[in-house]
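A.B. asks: Next comes the sequence, and after it the predicted model I'd like to discuss.
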Amino acid sequence: DTEVTQTPKHLVMGMTNKKSLKCEQHMGHRAMYWYKQKAKKPPELMFVYSYEKLSINESVPSRFSPECPNSSLLNLHLHALQPEDSALYLCASSQGLGGGSQRQETQYFGPGTRLLVL
Amino acid sequence: GQQLNQSPQSMFIQEGEDVSMNCTSSSIFNTWLWYKQDPGEGPVLLIALYKAGELTSNGRLTAQFGITRKDSFLNISASIPSDVGIYFCAGPPLQNTGTASKLTFGTGTRLQVTL
């Protein structure tokens, strides 16, 4: 099973709204990722959680706030977004490094949340 | 930092034709990943390559890890309409540290198949 699920599939929000994106995996992976993707571009890394701790923040604005409640779940809290934040938001997971195997770096993606900020 | 260049950028082919695309880097990679992305969906892992010179197939797809470790190739045989999408190569940079890896993505190859 290599499934990562994301909810909601689509989200429309105003600039004053607060919303959350959710991601879940049951592969026993210990690393989880948030990416932002604009049309016709490759995904851009936002955050990485490793063993439930934030290990990488790619200088993302504070209006995006990640949270990892447990090893299977990853949330992205959104507040006071701008129209330019409209994009496809992708979650991914990998086994996590530390065991000496390259396969642990292979990332599996969820279906994404299409976000529109008005 | 490292960048991955994919070519061609886009291609139109007829159903039944074979397709070849490649990914090149100025630096060495130890892993090459090939993903396909349909519009509005997340990337789906097609093939993962872990060893220089490795040739791996997945149905009509075949990918190779270049012997120099600076390139990789993806071939699709007998294309069908559902092959339409964007194909990305990706790999973790050698300087990944800690317990989670960053991926460097290629620029993508957009494939369109006509009947």
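C.D. replies: Yep, that arrived.
A.B. asks: quick one: pLDDT of B:T107?
C.D. replies: pLDDT for B:T107: 94.
A.B. asks: Would you mind pulling up the elements that the worst-scoring helix or strand of chain A on mean pLDDT packs against?
C.D. replies: Of all helical and strand segments in chain A, the minimum by mean pLDDT, DSSP states H and E falls on strand A:53-57, at a mean of 92. Packing contacts for strand A:53-57, counted by 3 or more Cβ pairs under 8 Å, 6 or more residues apart in numbering or on different chains; DSSP states H and E, involve strand A:44-50, strand A:64-70. (Each C-beta comes from the backbone N, C-alpha and C, glycine too.)
A.B. asks: from the ones you listed, which stretch is densest packed?
C.D. replies: Sort these by mean neighbour count, taking mean count of other Cβ atoms under 10 Å in any protein chain shown, and strand A:44-50 sits at the top with a mean of 21.
A.B. asks: which other helices and strands contact it?
C.D. replies: Using 3+ Cβ pairs under 8 Å, 6+ apart, strand A:44-50 is in contact with strand A:31-37, strand A:53-57, strand A:64-70, strand A:73-79.
A.B. asks: Let's see that with 6 Å instead.
C.D. replies: When contacts are defined as 3 or more Cβ pairs under 6 Å, 6 or more residues apart in numbering or on different chains; DSSP states H and E, strand A:44-50 sits against strand A:31-37, strand A:53-57.
A.B. asks: dump the residue contacts of the most centrally placed residue in chain A.
C.D. replies: In chain A, the C-alpha closest to the average C-alpha coordinate belongs to A:W34, at a distance of 2.4 Å (Cα atoms, centre = their mean). Shown in contact with A:W34 (Cβ atoms under 6 Å, 6 or more residues apart in numbering or on different chains): A:46-47, A:66, A:76.
A.B. asks: could you redo the last one with a cut-off of 7 Å?
C.D. replies: Taking Cβ atoms under 7 Å, 6 or more residues apart in numbering or on different chains as the contact definition, A:W34 lies against A:46-47, A:66, A:74, A:76, A:89, A:91.
A.B. asks: Give the bridge partners for it, please.
C.D. replies: A:W34 has these beta-bridge partners by DSSP bridges: A:F47, A:C91.
A.B. asks: same deal with B:I13?
C.D. replies: Here B:I13, judged by DSSP bridges, has bridge partners B:V113.
A.B. asks: one step back: can you redo the helices and strands packed on strand A:53-57 as TSV with mean pLDDT?
C.D. replies: Converted to TSV, these look like this (pLDDT from 0 to 100):
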stretch	mean pLDDT
strand A:44-50	95
strand A:64-70	97
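A.B. asks: circling back to that earlier point, report the inter-axis angle for the least confident helix or strand of chain A versus strand A:31-37.
C.D. replies: 30 degrees (axes from the mean of the first three to the mean of the last three Cα atoms, to 10 degrees).
A.B. asks: Enumerate the residues of chain B near chain A.
C.D. replies: Counting by Cβ under 7 Å from any Cβ of the partner chain, chain B comes close to chain A at B:30-31, B:33, B:40-43, B:45, B:48, B:50, B:88, B:92, B:96, B:98-103, B:105-108.
A.B. asks: Just the buried ones from these?
C.D. replies: With burial judged by 16 or more other Cβ atoms under 10 Å in any protein chain shown, the buried subset of the residues of chain B next to chain A is B:30-31, B:33, B:41-43, B:45, B:48, B:50, B:88, B:92, B:99-103, B:105-108.
A.B. asks: Out of these, which sit inside strands?
C.D. replies: Judged by DSSP state E, the subset of those located in strands is B:33, B:45, B:48, B:88, B:105.
A.B. asks: So for the last one, what's the nearest residue that isn't a sequence neighbour?
C.D. replies: Spatial nearest neighbour of B:F105, excluding adjacent residues (Cβ to Cβ, 6 or more residues apart in numbering or on different chains): A:P42 at 3.5 Å.
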